[in-house]
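Engineer: Build me a model from this:
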Amino acid sequence: MSKSTKENFTHNDAGISGQYKNWFLDYASYVILERAVPAVEDGLKPVQRRILHAMKEMDDGRFNKVANIIGQSMQYHPHGDASIGDAIVNLGQKELLIETQGNWGDVRTGDEAAAPRYIEARPSKFAMEVAFNNKTTNWQLSYDGRKNEPVTLPMKFPLLLAQGAEGIAVGLATKILPHNFCELIEATIKYYKGKKFELYPDFATGGMIDVTNYNDGIRGGKVRVRANIEELDKKTLAIKDVPYGTTTTQLIDSIVKANENGKIKIKKVTDNTAAEVEINIDLAAGISPDITIDALYAFTDCEISISPNACVINGQRPEFPGATELLKISADDTKELLKKELEIKLKELQEKWHYTSLEKIFFEEKIYKELEKKHETWEKVIAAIDKAFIPYKKQLKRDITKDDILKLTEKPVRRIYKLDIDELNEQIKTLENNIKQVNNNLEHLTEYAINYYEELLKKYGKGRERKTEIKLFDIIQAKAVAIANTKIYVNREDGFIGTSLKKDELIGDVSDLDDIIVFTEGGIMKVVKVQDKVFIGKNIKHAAVFRKGDERTTYNMIYTDLNTNISYAKRFNITGVTRDKIYYLTKGGEKSKVYYLSVNPNGEAEVVKIILTPGSSARKKEFDFYFENLEIKGRGSIGIQVTKYKISKVKYLETGKATLGSIKLWFDDKFGRLNHDEKGIFLGEFDAEDKILLIYKEGTYEITDQELTQRFNPDDIMLIEKFYIEKIITAVYADIEKKQFYVKRFKIETTTLHNKFLFIKEGTNIKLETVTTINDPVLHFEKGRGSQIRNVKYKIGKNIEVTGWKAVGTRFEDYSKTASMNWVEKKNEGTQAELFE
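Structural biologist: Down below sits the predicted model:
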């Protein structure tokens, strides 16, 4: 290649690179500024703004076909009809700026809107009030220079936060979640008053939201959104709404997929959605509804995480403010727009006052008669009228212009009556009052802005209350709720475990999320994932599902160090390990042999018989060994020496007692969960057979076990505690229809677990007031107001007999809405354990 050719090639290459760079930057800027990201001033993307402007131009109070709106919008928006149509439907489905007619689809089900020629729209009254004002709008030429379009609409409302926004541009994206209409107005008013406020998302689809990590909507935050799932009965669940961003179709597909993958076990899913969302799930036989609800949140779209990322255009540049900052910007802009409107109105009123005052003087002082005089020219007529006004100019607030005089001369001159002058005086008085009011509003602009928002809330707030419940979500461990969907087998001799070894020994049912803990005769321990086939080590002694953090399961072991032939015994827990790592549990490492291994869920310490080899020099060839004499230590402990003689075998002799104390149990009253983590209300120390008593506000009781996967609604519970069969329950309830309070005392006579039993009268006007299990209860009862107040203490325990749980009870006071009652706590009442154990 010649030198000149190389130079030309290099020059052209640089030119192409430069052009590419410029073109790409132009394209990126265009997508960011003109398509994907909303403006901070009005919260709208360009296509949305142009649609609303086109609709305002077309508006005559009647609905317009969306197809016509699309055509009108294309005068301002240089893109295809499909994108404009989609944007109109998106705006209409938010039910804020556009009033719709026809089938506009459903964001809950994913149903699409009808074709644009079949649906109609018009600007809503709310939009007309907050989004349009030609006098305060900044204008620019449209893309083809034929028309004017707004740079931004004069938005007097935090629309961006109310509607939310989502878009993907070149190199950045925006995702602003929608917030509640009423809460935004209330927060704006608080901001004007200098008070603190908080903003959290609210979705038209309802559901529940955990805003713990919302981070004000700034990039890096996250919210968790859940559908409401109700337990219709022990075999049926009902989903009553869908998380934001999903549809009933997507939700059902995710449930079916989870069932096919063995994450949950259900019979069928039925979509009964009509006016309200309702998806019914029929459970498979023997499947817990509580565990299934957790599994639905863990493995399906019943719970999703959303990561907000607020990005807006401010001054032709992208910015990343939080929801709080966006609301402050909107509030300040609204205040400034209201000020502009007031200033424009003041100027108009002052002009009207000036002209009306001129008109009054013109007729009252008979200046109009200058028109009847014979002047040489029209200019001299104007000059004569201007001269006639000189004595009265001090009454005016600005100079008289030629245009003012010309306007007066255009009025028809007729006989002027006193009534005409009186009417002008009345108009001037009204104008002066209006000017005074506008000036007062300008002087108290903040109060005026507050009143503006209060009126918006009053006019448009009804029916826009929060739909998404804010609450804390518990963390669902997928392993804890995963259904055992496969079987795992072991080949002890060859040292393999896995799901594909179907000809070998069955260990049990597991889920594909489980870990398996395996012990070999050589003293090796290893934890592995559920797999088709995995090698552990020859001569497997034990394999089972591993529960991380389990401090109660105790392993009892006797092994021999083959280097010295000394045998040891040890007791240990395994709470945490590294998956796939080999752990040596014995002193001898690889040269060891495990003669005995037992797994004890409650730290049981059995008795075993150790038999030595016949050729042993020991005098006693057999002796008993008691594991209860050993302390429970870590897996790395050597243990204590059992014998220095060679062991032949170890036999199980006698079941031992549990060496661990009772389990302490708490009830987390935030999430409605039982736990061992000291969260919430302490229920007591529980043995394996102990049960829990729950009494609900609806007037039912339930006996349940200690299963941690159970779900309870804390708002429904009046009392929860450890259950003692001899304990007497004392309850007071109201029969509102009969205007009577009843009291009853009873013992639990039912033995069925997980069933609710109604122990008060049945009916909508029956209300449980209070309940206790105090041994000898005294009720402090208060009724009345002021001087008519009554304070009584009833010794319920000594005066009310214990009856069956179905008994109506005894009347003891007339019903009153203002009545209050509480149980008198007695000193030395004693603990539950002291009274009933």
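
Engineer: alpha carbons only for contacts and neighbour counts from here, please
Structural biologist: Noted.

Engineer: can you map out the strands along the stretch 301-450 of the chain?
Structural biologist: Along the stretch 301-450 of the chain, the segments classed as strands by DSSP state E, counting those that start in this stretch run 303-306, 312-313, 318-319.

Engineer: Which one of the ones you listed lies nearest to residue 543?
Structural biologist: strand 303-306 (34.1 Å; Cα to Cα).

Engineer: Pull the closest one out as CSV, backbone CA atoms only.
Structural biologist: Presented in CSV, the C-alpha positions along strand 303-306 are these (Å, rounded to 0.1, in the frame of the first residue of the first chain):
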residue,chain,number,x,y,z
GLU,A,303,-44.3,-11.9,45.8
ILE,A,304,-42.1,-9.8,43.6
SER,A,305,-39.3,-7.3,44.3
ILE,A,306,-39.3,-4.0,42.5
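
Engineer: Give the pairing partners of that strand; include direction for each.
Structural biologist: With DSSP bridges as the test, strand 303-306 is paired with strand 223-226 (antiparallel).

Engineer: ok, residues contacting the partner strand?
Structural biologist: 207-214, 242-244, 297, 302-308 (Cα atoms under 8 Å, 6 or more residues apart in numbering).

Engineer: which residues touch residue 487?
Structural biologist: Per Cα under 8 Å, 6+ apart, neighbours of residue 487: 499, 506, 507, 508, 509, 510.

Engineer: same check, this time on residue 679
Structural biologist: 666, 667, 668.

Engineer: Show the secondary-structure elements that the strand or helix carrying the second one is packed against.
Structural biologist: Translated: residue 667. Assigned by DSSP states H and E, residue 667 falls within strand 663-668. Judged by 3 or more Cα pairs under 8 Å, 6 or more residues apart in numbering; DSSP states H and E, strand 663-668 is in contact with strand 673-675, strand 681-686.

Engineer: what's the closest of these to residue 772?
Structural biologist: strand 681-686 (14.8 Å).

Engineer: Show me how far that closest one is from its chain's centre.
Structural biologist: 31 Å (Cα atoms, centre = their mean, to the nearest Å).

Engineer: Flag every buried residue along it.
Structural biologist: Residues 682, 683, 686 are the ones in strand 681-686 that count as buried (16 or more other Cα atoms under 10 Å).

Engineer: CA-only coordinates of the strand or helix carrying residue 294 in PDB, if you can.
Structural biologist: Assigned by DSSP H and E, residue 294 belongs to helix 289-299. Output of helix 289-299 as PDB, limited to C-alpha atoms (Å, rounded to 0.1, in the frame of the first residue of the first chain):
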ATOM      1  CA  PRO A 289     -52.300 -24.300  53.600                       C
ATOM      2  CA  ASP A 290     -49.900 -22.300  55.700                       C
ATOM      3  CA  ILE A 291     -46.800 -23.900  54.100                       C
ATOM      4  CA  THR A 292     -48.400 -23.500  50.700                       C
ATOM      5  CA  ILE A 293     -49.000 -19.800  51.200                       C
ATOM      6  CA  ASP A 294     -45.300 -19.400  52.200                       C
ATOM      7  CA  ALA A 295     -44.300 -21.400  49.200                       C
ATOM      8  CA  LEU A 296     -46.400 -19.300  46.800                       C
ATOM      9  CA  TYR A 297     -44.600 -16.200  48.100                       C
ATOM     10  CA  ALA A 298     -41.200 -18.000  47.800                       C
ATOM     11  CA  PHE A 299     -41.600 -19.600  44.400                       C
END
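
Engineer: Check what contacts that helix and list those residues.
Structural biologist: 226, 229, 231, 234-237, 255, 258, 263-265, 283, 302-303, 476-478, 481-482, 709-711.

Engineer: rerun that using 7 Å as the cut-off
Structural biologist: 234, 258, 263-264, 302-303, 476, 478, 481-482, 709-711 (Cα atoms under 7 Å, 6 or more residues apart in numbering).

Engineer: cool, and stretch 70-83?
Structural biologist: Surrounding stretch 70-83, the residues in contact under the criterion Cα under 7 Å, 6+ apart are 47, 50, 51, 54, 84, 85, 142, 143.

Engineer: Which of these fall within helices?
Structural biologist: 47, 50, 51, 54, 84, 85 (DSSP state H).

Engineer: Farthest pair within these?
Structural biologist: So for the ones in helices among the contacts of stretch 70-83, where distance means Cα to Cα, the most widely separated pair is 54 and 85, at 13.0 Å.

Engineer: Need the three-state assignment for the residue nearest to the spatial centre of the chain.
Structural biologist: The geometric centre of the chain, computed from its C-alpha atoms, lies nearest to residue 209 (Cα atoms, centre = their mean), at 0.7 Å. State at residue 209, reduced to three classes by DSSP: H, G, I helix; E, B strand; the rest coil: strand.

Engineer: residues contacting it?
Structural biologist: 223, 224, 225, 226, 468, 469, 470, 471.

Engineer: Give me the neighbour count for the fifth one.
Structural biologist: The local packing of residue 468 (other Cα atoms under 10 Å) involves 24 other residues.

Engineer: which residues touch it?
Structural biologist: 202, 203, 206, 207, 208, 209.

Engineer: Quick check: the fifth one vs residue 471, distance?
Structural biologist: Distance check for residue 208 against residue 471: by Cα to Cα, to the nearest Å, it reads 7 Å.

Engineer: who's more crowded, the two?
Structural biologist: residue 208 (25 against 14).

Engineer: Got the phi and psi for the residue lying closest to that one once chain neighbours are set aside?
Structural biologist: Nearest non-adjacent residue to residue 208, counting by Cα to Cα, 6 or more residues apart in numbering: residue 469, 4.6 Å away. Backbone torsions for residue 469, taken as degrees, to the nearest 10, come to phi -80, psi 130.

Engineer: Surely residue 469 touches residue 205?
Structural biologist: No: applying Cα atoms under 7 Å, one finds residue 469 not in contact with residue 205, separated by 11.0 Å.

Engineer: Narrow the contacts of residue 487 to those that are buried.
Structural biologist: 499, 506, 507, 509, 510.

Engineer: just checking, the first one touches residue 489?
Structural biologist: Yes: look at residue 499 against residue 489 with Cα under 7 Å: they come within range, at 5.9 Å.

Engineer: Of the contacts of helix 289-299, grab the buried ones for ChimeraX.
Structural biologist: The following ChimeraX line selects those of these that are buried, judged by 16+ other Cα under 10 Å:
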select :234,258,263,264,302,303,478,481,482,709,710,711
